[in-house]
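Colleague: this is the structure alone, sequence omitted:
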């Protein structure tokens, strides 16, 4: 039979041992509690610097004027030359309508003009030819009149010869009669009578010859006069031809002018199928696509003037107080947030929109409008105040509930709560303006906690 091993008896702890253990535990608890009741904090220095107070509001780019570029004629759209946001200048084509029929009519008018101009050229040539014939006829008249003058001079000389021959014949007859009278009385010889008869016959023959010559001269004068009359008739006919050619040329001129008018009208009609901008600006809308049919007066494009662009900001009724006209506003567009724009507040609405509780604020006199489009959404910041010597504290050091305050560490190492009045915030630097309660150079707890209590001891981290 095996005897079981004997178990050792537990040692009894003296009463004073239990009391010592409890005292040590209490001391540890006190030390731990004391450690927890003295939080470690970091201090930040209140500084002085520039702060900008601004009111934020959403906004929209709009325009005071919008020009509608409308179709002057009806037709199907064959081309749209511009797109949204494209700049245009007066006279620039923005769209074109189907101009097939107009081009055909212009070609016909040009053909008619070419035919009329050819007829006019022929008429001018006819006038020149008629003038040449008239000139030649007048020259012929002049030559024949000179010839008539010479012939008339010869006829006058022949008449003078006739008169002289008649006088000679009369004188010879008288001489013969005297000689015959003397011969019959025996006063002279027969020879003297024969001589007188011979002289008479010679004088009469000379007279007859002179008369024949004068008659021939008068006939020549009559023929020359007839030639002059015929030449004058030719001149009259030629001048009549000139008048007729001039009348035909005038008719051709009228036809040319009428054809040119038709060409100009056809060109104007064709030009109206090209829809052109009337103003300088930015295309804000192109309501018709290629293939659509445009009625007369239908909008083909809408253009806004960059000079008339402005921003309408909707400022919340809780922020409208410090906003006044003349303040500078900065804004960025959602489409290009990296670009900053600047303008001036020029108008503030007198009443709020009951649906949104916002006041309309107009921002005009924009420094630049490059990149802006009508109906573009923008984020607006209206500068209401600038303080170059503002008291600034870290925004993280400010506790705003239940009332704005900061925590400071008193010289005895205890926490003290300091009420402050807040101003503008600078999100870029993480600082907030302290309008009352602190001065530059003071130090505040940079990392306040909800567990802080006034009078609580704190340990400052260096």
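Modeller: Sure, I can see it. Everything numeric here is computed off the predicted structure, so don't read it as measured data.
Colleague: may I ask which helix or strand encompasses the residue lying farthest from the centre of the chain?
Modeller: Farthest-out residue of the chain from its mean C-alpha position, per C-alpha atoms, centre = their mean: residue 186, at 131.7 Å. If you go by DSSP states H and E, residue 186 is not part of any helix or strand.
Colleague: now swap in residue 301 and tell me
Modeller: strand 299-304.
Colleague: buried residues in that strand?
Modeller: 300-304 (16 or more other C-beta atoms under 10 Å). Every C-beta, even on glycine, is put in place using the N, C-alpha and C of the backbone.
Colleague: and these, which is closest to residue 257?
Modeller: Among the buried residues of strand 299-304, residue 300 lies closest to residue 257 (C-beta to C-beta), at 34.7 Å.
Colleague: re the thing from before, can you give me the distance of the residue farthest from the centre of the chain to residue 192?
Modeller: For residue 186, the distance to residue 192 equals 12 Å [C-beta to C-beta, to the nearest Å].
Colleague: can you check residue 126 too?
Modeller: The value you get for residue 126 to residue 192, if C-beta to C-beta is used, is 80 Å.
Colleague: which one's more surrounded, the two?
Modeller: Shown here are residue 126 and residue 192; by other C-beta atoms under 10 Å, residue 126 has more neighbours (18 against 14).
Colleague: how close does that one get to residue 241?
Modeller: 8 Å.
Colleague: cool, and residue 188?
Modeller: Taken as C-beta to C-beta, the span from residue 188 to residue 241 is 76 Å.
Colleague: and residue 396, by the same measure?
Modeller: Residue 396 is 112 Å from residue 241, by C-beta to C-beta.
Colleague: for residue 111, same thing?
Modeller: Counting by C-beta to C-beta - residue 111 and residue 241 are separated by 31 Å.
Colleague: kindly report the same for residue 158.
Modeller: 39 Å.
Colleague: could you do residue 425 as well?
Modeller: According to C-beta to C-beta, residue 425 and residue 241 sit 103 Å apart.
Colleague: the host helix or strand of residue 60 packs against which elements?
Modeller: Applying DSSP H and E as the criterion places residue 60 in strand 47-63. Applying 3 or more C-beta pairs under 8 Å, 6 or more residues apart in numbering; DSSP states H and E, we find strand 47-63 packed against strand 309-316, strand 328-333, strand 358-364, strand 377-394, strand 421-426, strand 431-436.
Colleague: from the rest of the structure, what touches the very next helix or strand once past the fourth one?
Modeller: Read it as strand 377-394. Once the chain leaves strand 377-394, the next helix or strand it forms, by DSSP H and E, is strand 405-409. Identification of contacts with strand 405-409 by C-beta atoms under 8 Å, 6 or more residues apart in numbering yields 41, 43, 393, 397-399, 415-420, 437-438, 442-445, 448, 452, 458, 460.
Colleague: change it to 10 Å
Modeller: With C-beta atoms under 10 Å, 6 or more residues apart in numbering as the test, strand 405-409 has contacts from 41, 43-44, 46, 393-394, 397-399, 414-420, 434, 437-438, 442-449, 452, 454, 456-460.
Colleague: just stretch 167-178 next, same as before
Modeller: Contact with stretch 167-178 is made by 187-188, 193, 195-208, 210, as judged by C-beta under 10 Å, 6+ apart.
Colleague: which parts of it are buried?
Modeller: Quick answer for stretch 167-178 (16+ other C-beta under 10 Å): 168-169, 172, 175-176.
Colleague: adding distance to residue 93, write the buried residues of strand 299-304 out as JSON lines.
Modeller: Below are the buried residues of strand 299-304 laid out as JSON lines (distance: C-beta to C-beta, whole Å):
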{"residue": "300", "distance to residue 93": "11"}
{"residue": "301", "distance to residue 93": "10"}
{"residue": "302", "distance to residue 93": "16"}
{"residue": "303", "distance to residue 93": "13"}
{"residue": "304", "distance to residue 93": "19"}
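Colleague: before we move on, back to that, please check the contacts of stretch 167-178 and keep the buried ones.
Modeller: 188, 193, 196, 199-200, 203-204, 206-207, 210.
Colleague: where helices are concerned, which of the residues you listed count?
Modeller: Using DSSP state H, the members of the buried ones among the contacts of stretch 167-178 that fall in helices are 193, 196, 199-200, 203-204, 206-207, 210.
Colleague: any stretches of the protein with poor pLDDT?
Modeller: 1-37, 462 (pLDDT under 70).
Colleague: picking that back up, how close does the residue farthest from the centre of the chain sit to residue 280?
Modeller: From residue 186 to residue 280 the distance is 138 Å (C-beta to C-beta).
Colleague: right, I'll leave it there.
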